[in-house]
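Engineer: Fold the following and give me the result.
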Amino acid sequence: MFQGMEYVYAVYEEGSFSRAAARLYISQPSLSASVKRIEEKIGYPLFDRNVKPVRLTECGERYIAAVEKIMEQEREFRAFLTDWAGLNTGKLTFGGSNMFLSWVLAEMIRDYSARYPLVEIGLVEENVTALMQMLHSGKIDVLIENKQLDRKEFDAALYKAEHLLLAVPKHFAVNDGLGAFRLDVETIRDESYLDDAVPAVPLKVFADEPFLMQKPENDTRQRADRILSKAKIRPKVLFEVDQQMTAYNITCAGLGASFVSDTLISRMPSHENAVYYKLPGKEGHRNIWFYWKHGRYMTNALKAFLELAGQERPEERAE
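Structural biologist: Model (predicted):
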């Protein structure tokens, strides 16, 4: 009953027999007949064809769940076989935000591809919720993220620590009295600003300024909310955005303050329209991790990447 399961799965993903047929390069009548034969073997329909897009029946949902388990086993076996080829073939798909893909992974992937040119590299840019689902389902192999994920579900290797800063449009009048707190970009790049002798800015002076915040599910937003709450500030949120890069670019356009990481500021070309401040407390301190699904076979391609990225061994999973 699982022979031809790829036909059922294509209809499930596309929500349409016609789109699935086009994707599979077969005629719609041929696809419909193939799915019908599978349904006859099972004895129950897999799709409710009376709605658009077509929906899975209860039996269809169980069938798809079984198919995904079979597909996962096939992926793991293919990954095992790839290792036998000594990285002469294979694929490694990374997931991450715009900032991580653009300013952290780009150079690593360049170096990795130079060493292992026959390993195919894939990139997926999405929000962390979507990426976690893709990592769980096997659509991506490794996720780079600064949010702490469930270690019972995902294994991890530490990349580096990072710290949040406050970026403020240079023309804002509030900056005029804060010269002693401004950070030079070079001190951010060499991390000397982390010295205890460098003072954190008193956040209360920004109570009336507009802020650009990421959406509530984002780790940067959650930390920013806690930082502002401790300063007894209810921020005037001008925009909510998905990406840290977006918030920072809007700050540089002069519209509002934003919380950005020193990872971003240390890698991007310095922008003359923004000034930066050290934040008080420990809420802005976090780690950047490479994550992969717990229990999934770790390919030599992934092991080689982690070694190249400076990882000696994956961190032991927290029980």
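Engineer: any idea how far the helix or strand where Asn249 lies is from the chain center?
Structural biologist: When secondary structure is defined by DSSP states H and E, Asn249 falls within helix 244-252. How far helix 244-252 lies from its chain's middle: 18 Å, per CA atoms, centre = their mean, to the nearest Å.
Engineer: cool, and stretch 253-260?
Structural biologist: 22 Å.
Engineer: Buried residues, it. List them.
Structural biologist: Leu255, Gly256, Ala257, Ser258, Phe259, Val260 (16 or more other CB atoms under 10 Å). Where you see a C-beta, it was placed from the backbone N, CA and C, and this is true even at glycine.
Engineer: which of the residues you listed lies closest to Lys91?
Structural biologist: Using CB to CB, the shortest approach to Lys91 within the buried residues of stretch 253-260 belongs to Val260, at 32.5 Å.
Engineer: Now do the contacts for Thr57.
Structural biologist: Taking CB atoms under 8 Å, 6 or more residues apart in numbering as the criterion, Thr57 is in contact with Tyr44, Pro45, Leu46, Phe47, Asp48.
Engineer: contacting residues for the last one?
Structural biologist: The reference is to Asp48. Val54, Arg55, Leu56, Thr57.
Engineer: And the average pLDDT for stretch 50-61 is what?
Structural biologist: For stretch 50-61, mean pLDDT rounds to 94.
Engineer: before we move on, what about stretch 237-254?
Structural biologist: Rounded mean pLDDT across stretch 237-254 is 95.
Engineer: Stretch 110-126 now?
Structural biologist: Here the average pLDDT along stretch 110-126 is 92.
Engineer: what about the longest strand in the chain?
Structural biologist: strand 154-169 (DSSP state E).
Engineer: circling back: need the buried residues of stretch 253-260 in TSV with secondary structure and distance to Val11, can you?
Structural biologist: Rendered in TSV, the data for the buried residues of stretch 253-260 read as follows (DSSP: H, G, I helix; E, B strand; the rest coil; distance: CB to CB, whole Å):
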residue	secondary structure	distance to Val11
Leu255	coil	46
Gly256	coil	46
Ala257	strand	49
Ser258	strand	44
Phe259	strand	44
Val260	strand	44
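Engineer: If you compare the directions of the helix holding Asn249 and strand 154-169, what angle comes out?
Structural biologist: Helix 244-252 runs at 10 degrees relative to strand 154-169, counting by axes from the mean of the first three to the mean of the last three CA atoms, to 10 degrees.
Engineer: Could you list every helix and strand that helix 244-252 packs against?
Structural biologist: Packing partners of helix 244-252 (3 or more CB pairs under 8 Å, 6 or more residues apart in numbering; DSSP states H and E): helix 98-100, strand 154-169, strand 210-214, strand 236-241, strand 257-261, helix 262-267, strand 274-278.
Engineer: residues of stretch 279-286 that come out buried?
Structural biologist: For stretch 279-286, by 16+ other CB under 10 Å, it's Leu279, Glu283, Gly284, Arg286.
Engineer: who are the neighbours in contact with the first one?
Structural biologist: The contact partners of Leu279, taken as CB under 8 Å, 6+ apart, are His163, Leu164, Leu165, Leu166, Ala200, Val201, Leu203, Ile227, Phe259.
Engineer: Relative to Ala309, which of these is nearest.
Structural biologist: Distances from Ala309 to the contacts of Leu279, taken by CB to CB, are shortest for His163, at 19.9 Å.
Engineer: Tell me the spacing between that closest one and Ala224.
Structural biologist: 13 Å (CB to CB, to the nearest Å).
Engineer: Which residue of the two possesses the greater neighbour count?
Structural biologist: Ala224 (23 against 17; other CB atoms under 10 Å).
Engineer: My guess is the more buried one contacts Phe259. True?
Structural biologist: Yes - if you go by CB atoms under 8 Å, Ala224 and Phe259 touch, sitting 4.3 Å apart.
Engineer: What pLDDT is listed against the residue lying closest to Ile38 once chain neighbours are set aside?
Structural biologist: Spatial nearest neighbour of Ile38, excluding adjacent residues (CB to CB, 6 or more residues apart in numbering): Gly4 at 5.7 Å. Each residue has a pLDDT score; the one for Gly4 is 91.
Engineer: Run a quick neighbour tally on Gly4.
Structural biologist: 14.
Engineer: need the contact list for it.
Structural biologist: Ser34, Val35, Arg37, Ile38.
Engineer: If we only consider those, which is nearest to Val124?
Structural biologist: For the contacts of Gly4, the nearest to Val124 is Val35 (28.9 Å; CB to CB).
Engineer: Paired strands for the helix or strand hosting Arg286, with orientation please.
Structural biologist: In the assignment (DSSP H and E), Arg286 maps to strand 285-293. Sheet pairing for strand 285-293, assigned by DSSP bridges, gives strand 142-145 (antiparallel), strand 154-169 (antiparallel).
Engineer: for the stretch 201-319 of the chain, which spans come out with low pLDDT?
Structural biologist: Applying pLDDT under 70 to the stretch 201-319 of the chain picks out residues 311-319.
Engineer: re the thing from before, what are the buried residues along the strand holding Arg286?
Structural biologist: Here strand 285-293 shows Arg286, Ile288, Trp289, Phe290, Tyr291, Trp292, Lys293 as buried, counting by 16+ other CB under 10 Å.
Engineer: Good, we can wrap up now.
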